[in-house]
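In: No letters, just coordinates:
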């Protein structure tokens, strides 16, 4: 059977997407380090056990491809929010810009999704985190959001402010990972709860000893 | 060489402790599901590769033993705090009772510790979480702390209150796991930062949509 060049390209793209989705599910369920490229190739119904290696290269390349795909989805939402809240001096607007790119992107993935659990591993495992940072570089949009938050909190000591940034991200990623494991994550309600809580977290007075 | 009964018992106890500590470190570094009983036996310098099975049984039994050991350590701290703050109606006192048993126990373990990362996995993996719940049952002291927090927040809708309890625990465990990965976790300062932030998280107003 003759396959046209265009048909062949489309088939390759379908195979790549199928591998990416299968890898993400297996990584989320069993852990990135517990799953081999061979297992992903088999679970993605690829007759050739080296399909992952052929299409992506190493496991690090595969992880980078997953990270990039979702980062792009979140940046679309983030860009819209930044346009909407540009110039705002209201903390809640900026906390919304912190939370919604993640929860909104998860919502867009439909049910079930696996990305929150994958992201929790990327946040947790130093090797994966380094891969993600290298892949995404110093991304401009997340930086703009962080600066927006900081402009609303001029009185907070920088060390406390940075610690709270990290707490907010830790809470968002791991709380969403827990919600994702349930049958009904209810992303919009989860987002509202997180925005309320994280605004409170940032506004909390600093006790003397933590200063 | 003759070994007295008492000497033999002490040797068994040393072996058990050595296995527990080795298991916890390997679980923290590589994930509970990535490590076999045989690997733990080997890393604990047990000539017999079945030492874990002989001393503990299955991997579930081993996980339960680790969970119980730390739960007891945390309950000692928790009991002291409950005595100190009994009858308090100040939210900060009760948030202190939420945070300090974990950070104080971690501090008591010295450097490096592995328990925060182990606990993060127990919180994250449904199978491990179920094991821990079954092992510890409905523990009285953590329940008393939660009730103390709730008494300070009579106006919070129960669904929001329960969600914030879960957020607080998620934040404590995963933030401490991140701190534990650094060379200098500074547990007292970490505790102060968490108490401030979690008090703010509980006090945050509830937006209409999240109600």
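Out: All right, it came through fine. Everything quoted here is computed from the prediction, not taken from an experiment. Residues are numbered from 1 along each chain as shown, chains lettered A, B, ... in the order given.
In: Could you chop chain A up by domain?
Out: If you go by automatic domain parsing, the domain ranges for chain A are A:1-57, A:60-204.
In: Of these, flag the one that's most buried.
Out: Burial of the domains of chain A is given as mean neighbour count (mean count of other CB atoms under 10 Å in any protein chain shown); domain A:60-204 ranks first at a mean of 18. Quick note: C-beta positions are derived from backbone N, CA and C, even for glycine.
In: who's in contact with the closest residue to residue A:203 other than its chain neighbours?
Out: Closest residue to residue A:203 apart from its sequence neighbours, by CB to CB, 6 or more residues apart in numbering or on different chains: residue B:200 at 5.7 Å. Applying CB atoms under 8 Å, 6 or more residues apart in numbering or on different chains to residue B:200 gives the contacts A:200-205.
In: for those, which one is nearest residue B:114?
Out: Here the nearest of the contacts of residue B:200 to residue B:114, counting by CB to CB, is residue A:201; it sits at 27.3 Å.
In: so who does that closest one touch?
Out: Here residue A:201 is in contact with A:164, A:167-168, A:171, B:197-198, B:200-201, B:204 (CB under 8 Å, 6+ apart).
In: Those residues of chain A touching chain B, which are they?
Out: Proximity of chain A to chain B is confined to A:30-31, A:33-34, A:120, A:124, A:126, A:160, A:163-164, A:166-167, A:170-171, A:174-175, A:177-178, A:181, A:188-189, A:192-207, A:209-210 under the rule CB under 8 Å from any CB of the partner chain.
In: Inside helices: which ones of those residues?
Out: The helices, defined by DSSP state H, take in A:30, A:120, A:124, A:126, A:160, A:163-164, A:166-167, A:170-171, A:174-175, A:177-178, A:181, A:188-189, A:192-203 from these.
In: Would you mind listing where chain A has pLDDT under the threshold?
Out: Residue ranges of chain A with pLDDT under 70: A:1-3, A:208-211.
In: how does it look with 90?
Out: Low-confidence segments of chain A (pLDDT under 90): A:1-13, A:29-35, A:44-51, A:122-140, A:183, A:208-211.
In: And the residue nearest the centre of it?
Out: residue A:119 (5.0 Å; CA atoms, centre = their mean).
In: And for that one, nearest residue in space, chain neighbours not counted?
Out: residue A:173 (5.3 Å).
In: got it, and residue A:45?
Out: residue A:18 (7.6 Å).
In: ok, that neighbour touching residue A:44?
Out: Yes: contact criterion CB atoms under 8 Å: residue A:18 and residue A:44 qualify, at 5.1 Å.
In: Next one: residue A:71 from chain B, what distance?
Out: 21 Å (CB to the nearest CB, to the nearest Å).
In: which residues does that residue contact?
Out: Contacts of residue A:71 (CB under 8 Å, 6+ apart): A:135-136, A:139.
In: what does residue A:49 give?
Out: A:38, A:41-42.
In: follow-up on the earlier one: which of the contacts of residue A:201 lies closest to residue B:58?
Out: Using CB to CB, residue A:171 comes nearest to residue B:58 of the contacts of residue A:201, at 33.9 Å.
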